[in-house]
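> model this:
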Amino acid sequence: MKITDYAIQNVWWQGKAHINEDKHISSYLARKYRWRSHILDEIRLDPGNIFTIRGPRQIGKTTLIKLIIKSLIEEGADEKAVFYATCDVIIDHIELLELVRGYLEFADSNNVHEKYIFLDEISGIENWQKAIKLLVDSGELDDTCLVLTGSHTLDIKYGFERLPGRTGKYGKDYLLLPLTFSEFVSLMLPDITASIKPATSLSIAAINEAVNRAVPFYRELKVLFNQYLAAGGFPLAINEFYEENAIPDYIYELYTRWVVGDITKWGRQEKILKQMVRTAIRKQGTAISWDSFAKDAEIKSHKTVSSYAEDLENMFVFFVLYQIDLHKKAPNYNKNKKVYFFDPFIFQMFNRMFYFKGAEITPALIESVAVVHFARFAQRRVPYAKLNDVAFYWKDRKETDIVLLTEDELFAVEVKYQERITNDDFASLYHFKEGVIASKSSIKLDEPYSVVPVHLLLAVI
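Residues are numbered from 1 along each chain as shown. Prediction:
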């Protein structure tokens, strides 16, 4: 393809005002609820830097980079200095190399000096890193800022890591994930968020202080939490949910095709995927070995189960929680593990597909949401760690649902989605210096162990 064939993807080449005619920008502006990622404010698009943005499909990566482009254009960048290309139709790294060089020649012919190249869904191109490495080493990207996105998150992560010393002073790997409940609240009722400040650390004192500020909004947060359990953290699903008072069939089908399409694209079988997901729904939150999971799912090998689970984790469909070795403060991979769904919408989607159930709230779903939220909260303090490097469960005579690794101590969370909390419910916390019970409605702010309704607790982390 000639570089001029990409003009339709770069409508701003016709003039700065045309940026709002881009289909992703116009769709974003037409939404009632518009999520603005922190990446927009953090990213430094200086020449010589390479950024990667990874996350599940349909999370809004393309919209994000179009918003970055819109900011560039409106802040005075030459419209032909900005190049966007979707990589879905690019066959290999040779064709990718030709595309980038074609644009660089086009920019030079238009007397453009500082350039910004956005390559969307690059993870679909085999060995894409070879092309980028060659362009960097040859000096062809010295006056260019490069932004790459991909849905195969492990491929993008490893690809970024294979460019040591080549990503520039500010180059960074970003994750764009489904909205947490606190982000969901800030989208739906920003006035409440302005009154609630998140917990400043993973300590019972900080959590109690933040919960105290959230208590006046107990009812509003409860309503929003129930809605979040149905709509999840995907912006498109959220907007459709509030427009239709339900999520339409086409949204479920869109996201289902994403999961099935991506898993089969990487050489996996749709049949085994469905067996994995169906079993994960039934076993969500249950400590289980891969061997037992394989038997329940009627999959021949536990190695197959492990491999598929890893792929689904990298797609942010599953979240696997490992048991912690308290002495080593590290996961014990030989013990049973727990499989959760990364986002409540993904759970509802598959629950609807396999068990024909509408959006429902179950203790297992509540536990799943709490596990992922606390893992993400803990991981923010160690951003280069994986989520399951900081979050675990523990089992001795009693089982502790969530154990979080902080700088100094282990922090425990027990999920008890029930009306009454008894003294026996605290037993699993006593092995840890601090902890909290996530309840259905009971509240008791104390130290070193508190009881907090789950919708208040997740609103402040």
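> any idea which element the closest residue to Glu414 other than its chain neighbours lies in?
Residue nearest to Glu414 in three dimensions, not counting chain neighbours: Ile437, with 4.9 Å by C-beta to C-beta, 6 or more residues apart in numbering. Placement of C-beta: from N, CA and C, glycine included. When secondary structure is defined using DSSP states H and E, the element that contains Ile437 is strand 434-439.
> pull up the pairing partners for that strand, direction included.
Partner strands for strand 434-439, per DSSP bridges, with pairing direction: strand 410-416 (parallel), strand 449-453 (parallel).
> circling back to that earlier point, quick check: bridge partners of the residue nearest to Glu414?
Per DSSP bridges, the residues bridged to Ile437 are Glu414, Val451.
> wait, it touches Val451, no?
Yes. Between Ile437 and Val451 there is a contact under C-beta atoms under 8 Å: 4.6 Å.
> and these two? Which one has more around it.
Ile437 (24 against 20; other C-beta atoms under 10 Å).
> can you tell me how far the more buried one sits from Pro216?
If you measure Ile437 against Pro216 using C-beta to C-beta, to the nearest Å, the figure is 22 Å.
> between Ile437 and Val451, which contacts overlap?
Contact with both Ile437 and Val451 is made by residues Ile421, according to C-beta atoms under 8 Å, 6 or more residues apart in numbering.
> check which element follows the lowest-mean-pLDDT helix or strand in the chain along the chain.
Sorted by mean pLDDT, DSSP states H and E, the helices and strands of the chain end with helix 153-161, the least confident at a mean of 60. On the C-terminal side of helix 153-161, the nearest following helix or strand under DSSP H and E is strand 172-175.
> partners of that following strand in the sheet?
When sheet partners are counted by DSSP bridges, strand 172-175 sits next to strand 50-54 (parallel).
> quick one: the strand it pairs with to chain centroid distance?
14 Å (C-alpha atoms, centre = their mean, to the nearest Å).
> correct me, but Ala294 touches Ala309?
No. Taking C-beta under 8 Å as the definition, Ala294 is not a contact partner of Ala309, at 10.5 Å.
> flag every buried residue along the host helix or strand of Ala370.
Element membership for Ala370 (DSSP H and E) is helix 363-379. Neighbour counts over helix 363-379 (16 or more other C-beta atoms under 10 Å) mark 364-379 as buried.
> repeat that for stretch 62-82.
Of the residues in stretch 62-82, those buried by neighbour count under the rule 16+ other C-beta under 10 Å are 62-70, 72-73, 77-82.
> out of those residues, list just those in helices.
62-70, 72-73 (DSSP state H).
> any chance of those residues in JSON lines, plus distance to Ile346 and pLDDT?
Compiled in JSON lines, those are given as follows (distance: C-beta to C-beta, whole Å; pLDDT from 0 to 100):
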{"residue": "Thr62", "distance to Ile346": "20", "pLDDT": "95"}
{"residue": "Thr63", "distance to Ile346": "19", "pLDDT": "96"}
{"residue": "Leu64", "distance to Ile346": "20", "pLDDT": "97"}
{"residue": "Ile65", "distance to Ile346": "23", "pLDDT": "96"}
{"residue": "Lys66", "distance to Ile346": "24", "pLDDT": "97"}
{"residue": "Leu67", "distance to Ile346": "24", "pLDDT": "97"}
{"residue": "Ile68", "distance to Ile346": "26", "pLDDT": "97"}
{"residue": "Ile69", "distance to Ile346": "29", "pLDDT": "97"}
{"residue": "Lys70", "distance to Ile346": "29", "pLDDT": "97"}
{"residue": "Leu72", "distance to Ile346": "33", "pLDDT": "95"}
{"residue": "Ile73", "distance to Ile346": "34", "pLDDT": "95"}
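> out of those residues, who's nearest Tyr242?
Thr63 (17.7 Å; C-beta to C-beta).
> could you pull up the residues touching the closest residue to the closest one other than its chain neighbours?
For Thr63, the nearest residue in space outside its immediate sequence neighbours is His24; the separation is 4.9 Å by C-beta to C-beta, 6+ apart. Residues touching His24, when contacts are defined by C-beta under 8 Å, 6+ apart, comprise 62-63, 66.
> surely His24 forms part of a helix?
Yes. If the criterion is DSSP: H, G, I helix; E, B strand; the rest coil, then His24 is within a helix.
> any idea of the pLDDT on it?
Turning to His24, the model gives it a pLDDT of 96.
> re the thing from before, who touches the helix holding Ala370?
Outside of helix 363-379, the residues within contact range by C-beta under 8 Å, 6+ apart are 177, 180-181, 199, 202, 229, 284-285, 319, 321, 338, 340-344, 347, 385-391, 401-402, 404-406, 411, 413, 415, 417-418, 438, 454, 457-458, 461.
> in helices only, show me those residues.
For the contacts of helix 363-379, the ones inside helices are 181, 229, 344, 347, 454, 457-458, with DSSP H as the criterion.
> can you list these in JSON lines and add neighbour count and pLDDT?
Putting the ones in helices among the contacts of helix 363-379 into JSON lines (neighbours: other C-beta atoms under 10 Å; pLDDT from 0 to 100) gives the following:
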{"residue": "Phe181", "neighbour count": "24", "pLDDT": "98"}
{"residue": "Leu229", "neighbour count": "22", "pLDDT": "97"}
{"residue": "Pro344", "neighbour count": "24", "pLDDT": "97"}
{"residue": "Phe347", "neighbour count": "26", "pLDDT": "97"}
{"residue": "Val454", "neighbour count": "24", "pLDDT": "98"}
{"residue": "Leu457", "neighbour count": "27", "pLDDT": "98"}
{"residue": "Leu458", "neighbour count": "25", "pLDDT": "98"}
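> what stretches of the stretch 1-150 of the chain score poorly on pLDDT?
1 (pLDDT under 70).
> can you show me the strands along it?
Counting by DSSP state E, counting those that start in this stretch, the stretch 1-150 of the chain has these strands, from start to end: 50-54, 82-86, 115-120, 144-150.
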